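**Student:** what's the 3D shape of this:
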Amino acid sequence: MTTHSTFIGGNHGPWKVTHMHTVAGESLDWASHLRIDLDSTPGRDAGVWALTGVASNLRYTERTEKEALTAIQAGLGRPEAICAALIPIRKTEAWWALSQDERRHLFEDQSHHIQTGLAYLPAIARKLYHCRDLGGPFDFLTWFEYAPAHAVQFEALVNALRQTREWSYISREIDIRLVRAS
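**Tutor:** The predicted model follows:
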């Protein structure tokens with residue numbers, strides 16, 4: 001069974017929004033908090049916005065890369081990781097018109113997406129949610145968690161990825177920063 005996760009921006013939740021920045025495309029309405037429901041529907045309080053995705057297999061990752069990621073990636077929910085980021089993105093139709101091997105070539109051979117990410121593990125934990133086939137406004141939702149001591153590393157990671165050729169295929173991106181609500 002596929003488990004959907006819905007990120008709900010609203011007036012309450014365990015994560016307090018500190019900053020929302022529209023990097024590309026249309027923005028999202030401001031929400032002061034975020035919660036994550038492990039269900040396909042947002043429930044009785046849909047909030048200001050709700051973004052649903054599915055954690056799935058790693059689509060552009062080869063076996064050796066997956067093994068390297070698994071060996072050093074930290075899990076989500078670590079007590080010290082009180083900072084988070086939700087970065088929903090939509091890629092252009094030109095990206096989706098490419099074949100799978102062309103996308104893989106851009107993703108890793110040219111942009112070094114996986115190799116870049118590996119350099120920031122285990123300090124930064126992440127989980128990718130696919131949502132293109134769910135009919136929502138984004139193709140991917142990426143959730144990151146990290147300790148305050150690793151905030152500079154997180155900024156370096158995001159900036160490095162945004163400088164790649166792959167990122168020229170982004171048509172919409174929102175950068176939502178959060179801290180655990182007290």
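**Student:** what is the burial count for residue 156?
**Tutor:** 15 (other CB atoms under 10 Å). To be clear about C-beta, it is placed using only N, CA and C from the backbone, and glycine gets the same treatment.
**Student:** so what's it up against?
**Tutor:** residue 120 (CB atoms under 8 Å, 6 or more residues apart in numbering).
**Student:** swap in the one 4 residues further on?
**Tutor:** If a contact means CB under 8 Å, 6+ apart, then residue 160 has residue 116 as its contacts.
**Student:** distance from the host helix or strand of it to the middle of the chain?
**Tutor:** Using DSSP states H and E, the element containing residue 160 is helix 151-162. Relative to the chain's own centre, helix 151-162 is displaced by 13 Å; criterion: CA atoms, centre = their mean, to the nearest Å.
**Student:** how about that helix as PDB, C-alpha atoms only?
**Tutor:** What follows is helix 151-162, C-alpha atoms only, in PDB (Å, rounded to 0.1, in the frame of the first residue of the first chain):
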ATOM      1  CA  ALA A 151      22.400  25.700   8.900                       C
ATOM      2  CA  VAL A 152      25.400  27.100   6.900                       C
ATOM      3  CA  GLN A 153      26.000  23.600   5.400                       C
ATOM      4  CA  PHE A 154      22.300  23.400   4.400                       C
ATOM      5  CA  GLU A 155      22.500  26.800   2.700                       C
ATOM      6  CA  ALA A 156      25.600  25.600   0.800                       C
ATOM      7  CA  LEU A 157      23.800  22.500  -0.300                       C
ATOM      8  CA  VAL A 158      20.800  24.400  -1.600                       C
ATOM      9  CA  ASN A 159      22.900  27.000  -3.300                       C
ATOM     10  CA  ALA A 160      25.100  24.300  -5.000                       C
ATOM     11  CA  LEU A 161      22.100  22.500  -6.400                       C
ATOM     12  CA  ARG A 162      20.500  25.700  -7.700                       C
END
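**Student:** mean confidence for it?
**Tutor:** Averaged over helix 151-162, pLDDT sits at 95.
**Student:** same question for stretch 53-73.
**Tutor:** Mean predicted confidence for stretch 53-73 is 73.
**Student:** same thing with stretch 9-19?
**Tutor:** Averaged over stretch 9-19, pLDDT sits at 96.
**Student:** hmm, who's touching that stretch?
**Tutor:** Stretch 9-19 has contacts (CB under 8 Å, 6+ apart) with 28-35, 45-50, 84, 175-181.
**Student:** buried ones in that stretch, by neighbour count?
**Tutor:** For stretch 9-19, the neighbour count (16 or more other CB atoms under 10 Å) marks 9-10, 13, 15-17 as buried.
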